[in-house]
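Colleague: Sequence first, predicted model second:
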Amino acid sequence: MRILVTGGAGYIGGHTVVELLRAGHDVVVVDNFVNAKRSAVTRIQELGGRPLDEFAVDVLDEDGLNTAFESGPVDAVIHFAALKAVGESVAQPLRYYENNVAGTMRLLQVMDAHDVRRMVFSSSATVYGASDDAPFTEDAPLGAINPYGVTKVQIEQILRDLAAADDRWHCASLRYFNPVGADPSGRIGEDPHDVPNNLVPFIAQVAVGRRDRLTIFGDDYPTPDGTCVRDYIHVVDLARGHLAALDRLDEYPGAHAWNLGTGHGSSVLEVLASFERAVGNPIPHVVGPRRAGDAPVSYADVSKAERDLGWKAEKSLDEMCADHWHWQEQNPQGYPDD
Ligand code: UFG
């Protein structure tokens, strides 16, 4: 197939493009490079073993999208491109709704105009809100608690409405839990621009000497060791989940959601210990106050993806941390500048 991937130069998008190329698909990357570097695309092609078509285009840019869709036949779209910082979304809601929601609508319109009606969408476990009813099944109530999360809920709704109105659409919303790790080569990985919001990138920057210490956001939660529990999933397993969804999409007309996680929760202290094993040294840390909006426990019920898509995460937390560290150690400052 020839797959158009928005956000294909980013962290999850890039790993997915590598797996697509390795599986023999042709790929068109559409990325505005707001949160990704050009050098990532060079490395993605190296790892994938084949060239791809690249368009430096924003999903809000209808003319730019038309150019990408007219570069050759497109069988399906995987749509990663989005802003994703929770705190920033609270401060700049219009920017988030414009980029994420209006950007997706523009993309869907251009897809429709080009008779491309198969989409795999980057959703998030954030759609389960602050609920503490883990494990989450896909029919759990939706209700995000910040504008970033609301954009994911709204886009899923748009896909349901679209597929209900026109049965030619096949849409898969993949709800990611907590992606970490990197391709085992260490050539591509997560490269946050500012202070990392997420746990593992922050730990990695402490380990490599870019930051002094990790602050653990609360150790008085009702969990076995008092720190929050999340479902960390290796980004390569996650990437392969997209290929599984693409392979089976023809069997699922309409709009559907699948959780992509391991089905297993790990605490902040367990992740820290695993990362320390990868590095071989202790990682400085202190315990601070809770972070607003954190649910104590979140992990996936993964039985639907296993049953419907024939996909299951395989890699352990230690492999996630070892691969994440390999990337960070080889690229202490992230990707080289373009
Ligand atoms: N944490 C720390 N210190 C840090 C960063 C995080 O202790 O410096 C803790 C958090 O409090 C939380 C855990 O590590 O308990 C994981 O935090 P992340 O920010 O890595 O992940 P979240 O589960 O909070 O966030 C993820 C995604 C979001 C998404 C959210 C809900 O990154 O995009 O899940 O699905 F909105």
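Modeller: Looks like it arrived, so ask away.
Colleague: which residues touch the residue lying closest to Arg248 once chain neighbours are set aside?
Modeller: Leaving out its chain neighbours, the residue that sits closest to Arg248 by CB to CB, 6 or more residues apart in numbering is Leu309, at 5.3 Å. C-beta here means a position set from N, CA and C on the backbone, and glycine is covered the same way. Counting by CB atoms under 8 Å, 6 or more residues apart in numbering, Leu309 touches 241, 244-245, 247-248, 258.
Colleague: which of these come close to the ligand?
Modeller: With the criterion set as CB under 6 Å from any ligand atom, no member of the contacts of Leu309 is near the ligand.
Colleague: Could I get the buried residue list for stretch 186-205?
Modeller: 186-192, 196, 198-205 (16 or more other CB atoms under 10 Å).
Colleague: Quick one, grab the pLDDT at Asp132.
Modeller: What the model reports for Asp132 is a pLDDT of 83.
Colleague: ok, now how distant is it from the ligand?
Modeller: 13 Å (CB to the nearest ligand atom, to the nearest Å).
Colleague: re the thing from before, just the ones of the contacts of Leu309 in helices?
Modeller: 241, 244-245, 247-248 (DSSP state H).
Colleague: what bits of the chain have low per-residue confidence?
Modeller: Judged against pLDDT under 70, the chain has no low-scoring part.
Colleague: which residues in it form helices?
Modeller: Under DSSP H, the chain gives helices at 11-22, 38-48, 62-69, 86-91, 93-96, 103-113, 147-165, 199-207, 235-248, 268-279, 303-309, 317-330.
Colleague: Please work out which of the ones you listed is packed deepest.
Modeller: Neighbour counts (mean count of other CB atoms under 10 Å) averaged over each of the helices of the chain peak at helix 11-22, with a mean of 25.
Colleague: What helices and strands are in contact with that helix?
Modeller: Where contact means 3 or more CB pairs under 8 Å, 6 or more residues apart in numbering; DSSP states H and E, helix 11-22 is packed against strand 2-6, strand 26-31, helix 38-48, helix 235-248.
Colleague: can you list contacts of that helix?
Modeller: 3, 5-8, 27, 29, 31, 36, 40-41, 44-45, 47-50, 52, 78, 80-81, 122, 176, 179, 182-183, 188-191, 235-236, 238-240, 242-243.
Colleague: just checking: which of the buried residues of stretch 186-205 also lie near the ligand?
Modeller: Within the buried residues of stretch 186-205, those near the ligand by CB under 6 Å from any ligand atom are 198-199, 202.
Colleague: Let me have those residues in JSON lines, extended by distance to Leu20.
Modeller: Putting these into JSON lines (distance: CB to CB, whole Å) gives the following:
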{"residue": "Asn198", "distance to Leu20": "24"}
{"residue": "Leu199", "distance to Leu20": "28"}
{"residue": "Phe202", "distance to Leu20": "29"}
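Colleague: How about the contacts made by the residue in the stretch 201-338 of the chain positioned nearest to the ligand?
Modeller: Residue nearest to the ligand within the stretch 201-338 of the chain: Cys228 (2.9 Å; CB to the nearest ligand atom). By CB under 8 Å, 6+ apart, the residues touching Cys228 are 217-218, 221, 267-268, 294-298.
Colleague: Perfect, that will be all.
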